[in-house]
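Asker: attaching a predicted model along with its sequence, questions to come.
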Amino acid sequence: MVRVDLSDYGYVNARVRGMRSHLLTKDFFMRLVEAESFEAIHSMMDQTVYRREMNEAVLMSPDRPDYDQALSINLVATLRKILDATGGEPHRLVNLLLTRYDVLNVKTILRGKKGNATPGEIISTLMPVGNLRMDMLEQPAREREIRQVIDLMATLRINYARPLTAAMGDFIKHDQDLAVLELALDRWHFEDVMKQLKGRDRNVDMVRQMFTAEIDMRNISTLVRIRGIRLDDEEVMDMRLPGGSLAAEQFLDLDRLGDIVRIVGEYPDPSYRKLLEKALSEYQEIDVVAFDQELERALIKQGVAMSNVDVLGIGVIIGYMWAKQNEIINLRTVLRGKMMDQPQATIAKDLFFVERLVGEAA
């Protein structure tokens, strides 16, 4: 039996390239948008890697299939396949990339408790692909109150309990505003990840670049959301996520401008300014959600482009992971649009493609 060296990127990258060949093309999505019925959509999806999950969703609930859950199940299986194909340093770095899903799962549980969702409803929306697997997530999801969720996480020695426990006082003080807990969670998460991404190794640097970009996007979004709100400097600084390229004083100076047009015009990094100008035009036409969407798309584009930065290292993995995530977003857009009887033009307009890196086959 041949032993495969999982600590080398050669094996996992070969597998990822094979997986990438199954990414759906723009042409496939356009045909999906033009499909006249869900029978036609299912027929098309039956020819893709989503076949099993889609069929199971229909079997479970023929009248109202849970397509969101089906897509999440496929994403989890796909990302786990990548993680399981790695060892040593590649495994550590892929695991760090997947911690974003750990944070998302914790937020999902907290939001579910705040919104009085049932344990079953919460569990069905979890994506256990990071360090926190389903058996670890199900237990806090079954608790009744947010305080109980956090206490159980601490008992289970889940690291994310630490910032949440420390923030409970402020959470209660601010009328149980969930944003207080989520900000504390994000700050701790990014600080912890960036501590683990030290050094000049090329693969470490690429992962660090992606986290830095995500932090930057989040900080920009925060500046847009709090503009014009009277906050003292300490309150403003408490809302800044650490680890990005925007220094603390720069963040504060931009907030003091108080106007979104000036924030965009005076943003210190010229490479971001063009992106922000495009996001601003979307914001002026719609709202802050459109602004955030442009930031998210820029992050996707940067992630997918990593495949071209380094074809021998983790860039191949990063590129595929972001391309897969974008594919899931596009599929959700189409399926939800069809369920809501949206016009084809509306659905198509909401799709986003990174053209040169779209897969080769439907």
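Answerer: Yep, it's here. Keep in mind the model is a prediction, meaning the values are calculated, not measured. Numbers count the residues shown, from 1 in each chain.

Asker: element containing the residue nearest the centre of the chain?
Answerer: Centroid-nearest residue in the chain, with Cα atoms, centre = their mean: residue 100, separated by 6.5 Å. Here residue 100 sits within helix 88-114, counting by DSSP states H and E.

Asker: buried ones in that helix?
Answerer: 90-91, 93-94, 96-103, 105-113 (16 or more other Cβ atoms under 10 Å). Bear in mind the C-beta positions are built from the backbone N, C-alpha and C, glycine included.

Asker: quick one: average confidence on it?
Answerer: The average pLDDT within helix 88-114 is 97.

Asker: for it, packing partners?
Answerer: helix 67-84, helix 119-123, helix 134-141, helix 146-155, helix 178-195, helix 202-226, helix 315-339 (3 or more Cβ pairs under 8 Å, 6 or more residues apart in numbering; DSSP states H and E).

Asker: just want the angle from it to helix 202-226.
Answerer: 20 degrees (axes from the mean of the first three to the mean of the last three Cα atoms, to 10 degrees).

Asker: what about residue 62, which SS state?
Answerer: With DSSP: H, G, I helix; E, B strand; the rest coil as the basis, the three-state label of residue 62 is coil.

Asker: distance of it from residue 69?
Answerer: 15 Å (Cβ to Cβ, to the nearest Å).

Asker: repeat for residue 85
Answerer: 25 Å.

Asker: what's around residue 183, how many residues?
Answerer: Each residue near residue 183 was counted by other Cβ atoms under 10 Å, and the total is 19.

Asker: ok, and the closest non-adjacent residue to it?
Answerer: residue 239 (6.7 Å; Cβ to Cβ, 6 or more residues apart in numbering).

Asker: correct me, but the one you found touches residue 222?
Answerer: Yes: the criterion here is Cβ atoms under 8 Å, and residue 239 meets it with residue 222 at 5.3 Å.

Asker: how far does stretch 298-315 sit from the chain's center?
Answerer: Put simply, stretch 298-315 sits 16 Å off its chain's centre (Cα atoms, centre = their mean, to the nearest Å).

Asker: ugh, typo on my part, it should be stretch 107-115
Answerer: 17 Å.

Asker: what lies in contact with it?
Answerer: 117, 121-122, 125-126, 137, 140-141, 143-146, 149, 176, 178, 181-182, 185 (Cβ atoms under 8 Å, 6 or more residues apart in numbering).

Asker: quickly note the distance from residue 7 to residue 222.
Answerer: Taken as Cβ to Cβ, the span from residue 7 to residue 222 is 38 Å.

Asker: counting neighbours around each, name which of these two comes out higher.
Answerer: Legend: neighbour count by other Cβ under 10 Å for residue 7 and residue 222, higher for residue 222 (17 against 14).

Asker: what pLDDT is listed against the more buried one?
Answerer: On the pLDDT scale, residue 222 gets 93.

Asker: likewise for residue 37?
Answerer: Reading off the model, residue 37 has pLDDT 92.

Asker: burial count for residue 152?
Answerer: 16.

Asker: what sits against it?
Answerer: 139-140, 143.

Asker: mind running it again at 10 Å?
Answerer: 139-143, 158, 161 (Cβ atoms under 10 Å, 6 or more residues apart in numbering).

Asker: neighbour count, pLDDT and distance to residue 326 for these - can I get that in a markdown table?
Answerer: Converted to a markdown table, the contacts of residue 152 look like this (neighbours: other Cβ atoms under 10 Å; pLDDT from 0 to 100; distance: Cβ to Cβ, whole Å):
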| residue | neighbour count | pLDDT | distance to residue 326 |
| --- | --- | --- | --- |
| 139 | 16 | 97 | 32 |
| 140 | 27 | 97 | 30 |
| 141 | 24 | 97 | 28 |
| 142 | 16 | 97 | 33 |
| 143 | 17 | 97 | 34 |
| 158 | 20 | 97 | 29 |
| 161 | 20 | 98 | 32 |
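
Asker: and the residue nearest to the centre of the chain, how far is that from residue 132?
Answerer: Applying Cβ to Cβ to residue 100 and residue 132 gives a distance of 12 Å.

Asker: for residue 93, same thing?
Answerer: Applying Cβ to Cβ to residue 93 and residue 132 gives a distance of 18 Å.

Asker: next: residue 84.
Answerer: Distance from residue 84 to residue 132, by Cβ to Cβ: 16 Å.

Asker: those two: which has the busier surroundings?
Answerer: Comparing residue 84 with residue 132 by other Cβ under 10 Å, the one with more neighbours is residue 132, at 24 against 13.

Asker: so who does the residue lying closest to that one once chain neighbours are set aside touch?
Answerer: Once flanking residues are discounted, residue 132 sits nearest to residue 102: 4.8 Å by Cβ to Cβ, 6+ apart. Contacts for residue 102 (Cβ under 10 Å, 6+ apart) come out as 95, 127-133, 136-137, 158-160, 185, 189.

Asker: mind doing that once more with 8 Å?
Answerer: For residue 102, the contact set (Cβ under 8 Å, 6+ apart) comprises 130-132, 160.

Asker: what's the most distant pair in the contacts of residue 152?
Answerer: Greatest spatial distance among the contacts of residue 152 (Cβ to Cβ): 142 and 161, at 16.0 Å.

Asker: point out where the stretch 151-300 of the chain drops to low pLDDT.
Answerer: Across the stretch 151-300 of the chain, the ranges flagged by pLDDT under 70 are 283-287.

Asker: now do the helices in the stretch 251-362 of the chain.
Answerer: With DSSP state H, counting those that start in this stretch as the criterion, the stretch 251-362 of the chain has helices at 260-265, 270-285, 288-309, 315-339, 344-349.
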